[in-house]
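**Student:** Fold the following and give me the result.
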Amino acid sequence: MKKIYIAGCGGMLGEAFYKQFKYDYKLKCTDKDVNEAWISFLDFRDYNAYKKDVTDFQPDYLFHLGAYTDLEYCEMNSDDTYQTNTLAVENAVYIANELNIPILFISTAGIFDGGKEFYDDWNIPNPLGVYARAKYMGERFVVENAKRYLVCRAGWMMGSGPKKDKKFIQKIMRQIKDGKKELYIVNDKNGTPTYTLDFAKNVKLLLEKEYWGLYNMVCGGETSRLEVSQELLKILGLEDKIKINIVTSEYFKESYFAERPPSERLVNKKLELRNLNIMRNWKEALKEYISDYYKGYLD
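**Tutor:** Below is the predicted model:
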């Protein structure tokens, strides 16, 4: 059984990777937030500790998952962000190269400036803020320096339920749970949801085929924050009970002051050309996500 070291495994993506890989691989999952019995402590920003822990495990693959993803935090804490989202990635590349093993890095649709409606795997990024710049420089370092790598770009992430999901779906679900009868949703942000379990499954397929390289990896279907909200209320059977007030991003500028691209829509062009795109349509994935992870949440 081959071995995978997964660094930064405590978040919503880590949960999905653990579920998808645990039966077929021997895993060592680490994070600075030890929130599961299967996670052990490691702060991957500490290069010496990171190198020792990975080397002691002697894995066949190194998955580097963790990152700061709160854009406002990143804007206010740029040094911490670059240390976590860029320099720690460089550390991971050094370690993987020394052990002569492939590395997996998770990038983001947020590295584009939103000037185009859609972005395929070959479009040139133009990051807007600290978070996007830090992630893009991590992506570039992996592509330019790792011996073998998978860089997979995700979109609007959803997964792992109320315990770990800190993104859009959970924010809406939290408002509904709190009894809100009106939601304020922007109509000027487009993107592609990415269900963490589907994402991990598609990574597994690429890994086993050994198709190294850079890939967009998002759910099918072009959409917007507004349409995702409407679909969520439909799935919950609340479309007639909760009103959506349509606003622009200006409405939230005090809380969400970090610049965000108007379009983060990715196209899985390389996966499609290789006949390896198993990402489902976002509506199907969202329905399954709510059914599997939010049973009884609104009761």
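**Student:** use CA for all of it now, contacts and neighbours both
**Tutor:** Noted.
**Student:** Would you mind measuring from D240 to K234?
**Tutor:** 9 Å (C-alpha to C-alpha, to the nearest Å).
**Student:** L273 and L207, how far apart?
**Tutor:** 17 Å.
**Student:** The two: who's more crowded?
**Tutor:** Ranked by neighbour count (other C-alpha atoms under 10 Å), L273 and L207 place L207 first, with 16 against 9.
**Student:** if I look at the more buried one, how far off is F63?
**Tutor:** 11 Å.
**Student:** next one: Y131
**Tutor:** Taken as C-alpha to C-alpha, the span from Y131 to F63 is 20 Å.
**Student:** who's more crowded, D240 and K234?
**Tutor:** More neighbours surround K234 than the other of D240 and K234, with 13 against 8 (other C-alpha under 10 Å).
**Student:** For that one, give me its contacts.
**Tutor:** Residues in contact with K234 (C-alpha atoms under 8 Å, 6 or more residues apart in numbering): none are found.
**Student:** and it, what helix or strand is that in?
**Tutor:** helix 225-236 (DSSP states H and E).
**Student:** That helix: what's the following helix or strand?
**Tutor:** strand 243-247.
**Student:** just checking, what packs against the following helix or strand past that following strand?
**Tutor:** Heading C-terminal from strand 243-247, the first helix or strand you meet, by DSSP H and E, is strand 263-264. In terms of contacts (3 or more C-alpha pairs under 8 Å, 6 or more residues apart in numbering; DSSP states H and E), strand 263-264 is packed against strand 190-191.
**Student:** phi, psi of the nearest residue to M1 once chain neighbours are set aside?
**Tutor:** Nearest non-adjacent residue to M1, counting by C-alpha to C-alpha, 6 or more residues apart in numbering: Y25, 5.6 Å away. Main-chain dihedrals, Y25, degrees, to the nearest 10: phi -140, psi 150.
**Student:** and what of N275?
**Tutor:** Residue torsions, per degrees, to the nearest 10, at N275 are phi 60, psi 40.
**Student:** And for it, the neighbour number?
**Tutor:** 9.
**Student:** any idea how far K201 is from it?
**Tutor:** The value you get for N275 to K201, if C-alpha to C-alpha is used, is 15 Å.
**Student:** Please apply the same query to D113.
**Tutor:** 28 Å.
**Student:** buried set for stretch 80-90?
**Tutor:** Neighbour counts using 16 or more other C-alpha atoms under 10 Å place T81, Y82, Q83, T84, N85, T86, L87, A88, V89, E90 of stretch 80-90 among the buried residues.
**Student:** Cross those residues against helices and list the overlap.
**Tutor:** Judged by DSSP state H, the buried residues of stretch 80-90 include T81, Y82, A88, V89, E90 as members of helices.
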